[in-house]
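Engineer: Predicted model, plus sequence, below.
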Amino acid sequence: QVQLVESGGGLVQAGGSLRLSCAASGRTIGRSAMGWFRQAPGKDREFVAYIRWSDGGTYYADSVKGRFTISRVNAKNTVYLQMNSLKPEDTAVYYCAAEGTGSYSITIYNRDFGSWGQGTQVTVSS
């Protein structure tokens, strides 16, 4: 099992920036990728961004493309989500997750991620 701890959430005005971090520990052998997801009140959890540990390959939801950047530092087992030009609709609890199937194919589906962090709140005021 992989343990994940997110940090970096908070309150920011529209147009501002935040950087989320996700530190991974525990059973990390064989894991292939990480993802960020978010869940707003009354809505389903949705995919935000994906990154492969091996080559840094990334993929983004259309709603954040061009504004958010996912990155990783392998030596620190840490993944980041840089969020710029934030909008009120970005308000949600953000979760990082570790890909659980071992596949190196890009995935955006919750079911393919086997370990989840506790979440960190991001609130964007208008």
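Structural biologist: Nice, I can see it.
Engineer: hmm, who's touching stretch 9-21?
Structural biologist: The contact list for stretch 9-21 (Cβ atoms under 8 Å, 6 or more residues apart in numbering) reads 6-8, 36, 78-88, 94, 96, 120-126. Quick note: C-beta positions are derived from backbone N, CA and C, even for glycine.
Engineer: Find the residue at the geometric middle of the protein.
Structural biologist: Trp36 (1.9 Å; Cα atoms, centre = their mean).
Engineer: wait, doesn't that one sit right on Val48?
Structural biologist: Yes - between Trp36 and Val48 a contact is recorded at 4.3 Å, counting by Cβ atoms under 8 Å.
Engineer: hey, what's in contact with both of those two?
Structural biologist: Residues within reach of Trp36 and of Val48 at once, by Cβ under 8 Å, 6+ apart, are Leu81, Tyr94.
Engineer: start to end distance for stretch 85-97?
Structural biologist: 24 Å (Cα to Cα, to the nearest Å).
Engineer: For that stretch, list every residue counted as buried.
Structural biologist: Using 16 or more other Cβ atoms under 10 Å as the test for burial, stretch 85-97 gives Leu86, Asp90, Thr91, Ala92, Val93, Tyr94, Tyr95, Cys96, Ala97.
Engineer: which one of these sits closest to Val73?
Structural biologist: Nearest to Val73, judged by Cβ to Cβ, of the buried residues of stretch 85-97 is Cys96 at 13.7 Å.
Engineer: now the closest one: how far from Trp116?
Structural biologist: 8 Å (Cβ to Cβ, to the nearest Å).
Engineer: if I look at the two, which residues touch both of them?
Structural biologist: Common neighbours of Cys96 and Trp116, counting by Cβ under 8 Å, 6+ apart, are Leu4.
Engineer: Just the ones in strands from the contacts of stretch 9-21, please.
Structural biologist: Among the contacts of stretch 9-21, the members falling in strands (DSSP state E) are 6-7, 36, 78-83, 94, 96, 120-125.
Engineer: Could you dump the buried residues of stretch 85-97 into TSV with distance to Ser105 and pLDDT added?
Structural biologist: Output for the buried residues of stretch 85-97, formatted as TSV (distance: Cβ to Cβ, whole Å; pLDDT from 0 to 100):
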residue	distance to Ser105	pLDDT
Leu86	30	98
Asp90	27	98
Thr91	31	98
Ala92	26	98
Val93	27	98
Tyr94	23	98
Tyr95	21	98
Cys96	19	96
Ala97	16	95
